[in-house]
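Novice: could you work out the structure for the sequence below:
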Amino acid sequence: MKKLTEETSAGKLEARPSGLDDLIQQGARQIVQQAIEAELAALLERYDNVKTLDGRRTVIRNGYLPKREVVTAIGPVTVKVPKVRDRSGSGVKFNSNIVPPYIRKSPRVSAALPWLYLRGVSTGDMGEALSVLLGEEAKGLSPNVVSRLKAQWADEHTLWNQRDLSNARWVYWWADGIHTGLRSDDSDGQCLLVIIGVKPDGTKERVAIGDGFRESKDAWCELLLDLKARGLQSGPLLAAGDGGNGAVGSIGRSVPKDSTPALLVSQDWKHSQRLAQITARAG
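Specialist: As a prediction, the model looks like this:
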């Protein structure tokens, strides 16, 4: 808790109270990089049976171009575009369809990432999801590339959502429901339930992400009980959430009974100075 208090006093938590910007930026970089790698894998697969006279593949990976930045609404995202080597001399090159100059500005990334999780990962609608993040040109990605991304993201989501929490420890939780503003036919009342945690060393990370109906207590309880079922031994020392979203009361009821947070607060995220004062007293 000392580390958390020191960081709060220094203003680090005031500058970015929920940590969501950092996590969204990380997610944007990962999604773009994975899409590029899936494009490359599709190209290599296309030439997999083309061999040189001595039996070697003609088209192979050959490192990366210098890192480049893609500008998004939440800041620059650094990606690496891979290169290929064509041993046959026929001039085969790798050109990504999703990182040309037009992707240097993506104003909807902040709103799109939660929606990508709900619609892209949950329903498999990868073509539409990628177009939200990367622009209309992303709809032209081959079915093979989209299939690779779908499988990779689904596997990563499953592993993360089933991870063992028996050794997990957090001193602080922020819990909030996110309404993206992006709508579909079946999204009425749905939102993204997010818990961000601060570890004893001050590191921020995602604790839980799930979909819920109107931020109800039942939805929060279901999310929290899943954490408990995966081995969570103790809740945070301090938990905070919007007073109207049902999260704070659910945390008190659903975390292990011998580790109810020492302080549960309902607060407006805009009042970061108040958050700093509460956190300092809890330390």
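Novice: where do the strands sit along the stretch 101-250 of the chain?
Specialist: Taking DSSP state E, counting those that start in this stretch, the strands of the stretch 101-250 of the chain run over residues 105-106, 172-178, 190-198, 204-213, 238-241.
Novice: relative to R56, which of the ones you listed is closest?
Specialist: strand 105-106 (39.4 Å; Cβ to Cβ). (C-beta placed from N, C-alpha, C; glycine too.)
Novice: so for that closest one, what's the average pLDDT?
Specialist: What strand 105-106 shows for mean pLDDT is 46.
Novice: again, but for stretch 63-74
Specialist: 75.
Novice: dump the strands of the stretch 101-250 of the chain to TSV, plus distance to A35.
Specialist: Formatted as TSV, the strands of the stretch 101-250 of the chain follow (distance: least, Cβ to Cβ, whole Å):
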stretch	distance to A35
strand 105-106	13
strand 172-178	23
strand 190-198	21
strand 204-213	20
strand 238-241	33
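Novice: ranking the ones you listed by burial, who's on top?
Specialist: Greatest average neighbour count among the strands of the stretch 101-250 of the chain goes to strand 238-241 (a mean of 26), per mean count of other Cβ atoms under 10 Å.
Novice: give me the phi and psi for Q26.
Specialist: phi -60, psi -40 (degrees, to the nearest 10).
Novice: what about E156, how many residues nearby?
Specialist: Neighbour count for E156, taken as other Cβ atoms under 10 Å: 13.
Novice: I meant to write K83 there.
Specialist: 13.
Novice: mind checking pLDDT for the closest residue in space to A168 that isn't next to it in sequence?
Specialist: Distances taken as Cβ to Cβ, 6 or more residues apart in numbering put L232 closest to A168, at 6.3 Å, once the chain neighbours are dropped. If you check L232, the pLDDT there is 90.
Novice: can you check the one 4 residues further on too?
Specialist: Confidence at P236, expressed as pLDDT, is 85.
Novice: still on that earlier bit, is it true that the residue nearest to A168 touches N167?
Specialist: No. Between L232 and N167 no contact is recorded; they are 9.9 Å apart, counting by Cβ atoms under 8 Å.
Novice: so the two - more neighbours on which side?
Specialist: L232 (24 against 8).
Novice: how far away is the more buried one from K217?
Specialist: 19 Å (Cβ to Cβ, to the nearest Å).
Novice: kindly report the same for P200.
Specialist: 29 Å.
Novice: equivalent analysis for V194, please.
Specialist: 16 Å.
Novice: cool, and A38?
Specialist: 40 Å.
Novice: quick one, which of these two is more surrounded?
Specialist: A38 (22 against 16).
Novice: return the residues in contact with A41.
Specialist: Shown in contact with A41 (Cβ atoms under 8 Å, 6 or more residues apart in numbering): 145, 148.
Novice: tell me the pLDDT at it?
Specialist: pLDDT at A41 comes out at 91.
Novice: just say helix, strand or coil for it.
Specialist: What DSSP: H, G, I helix; E, B strand; the rest coil gives for A41 is helix.
Novice: mind showing which ranges of this structure have poor pLDDT?
Specialist: 1-23, 71-75, 100-142, 180-189, 214, 242-283 (pLDDT under 70).
Novice: could you chop it up by domain?
Specialist: Per automatic domain parsing, the structural domains of the chain span 21-161, 164-282.
Novice: okay, now H179: neighbour count?
Specialist: So H179, with other Cβ under 10 Å, has 15 neighbours.
Novice: surely it touches C191?
Specialist: Yes. Counting by Cβ under 8 Å, H179 touches C191, with 4.8 Å between them.
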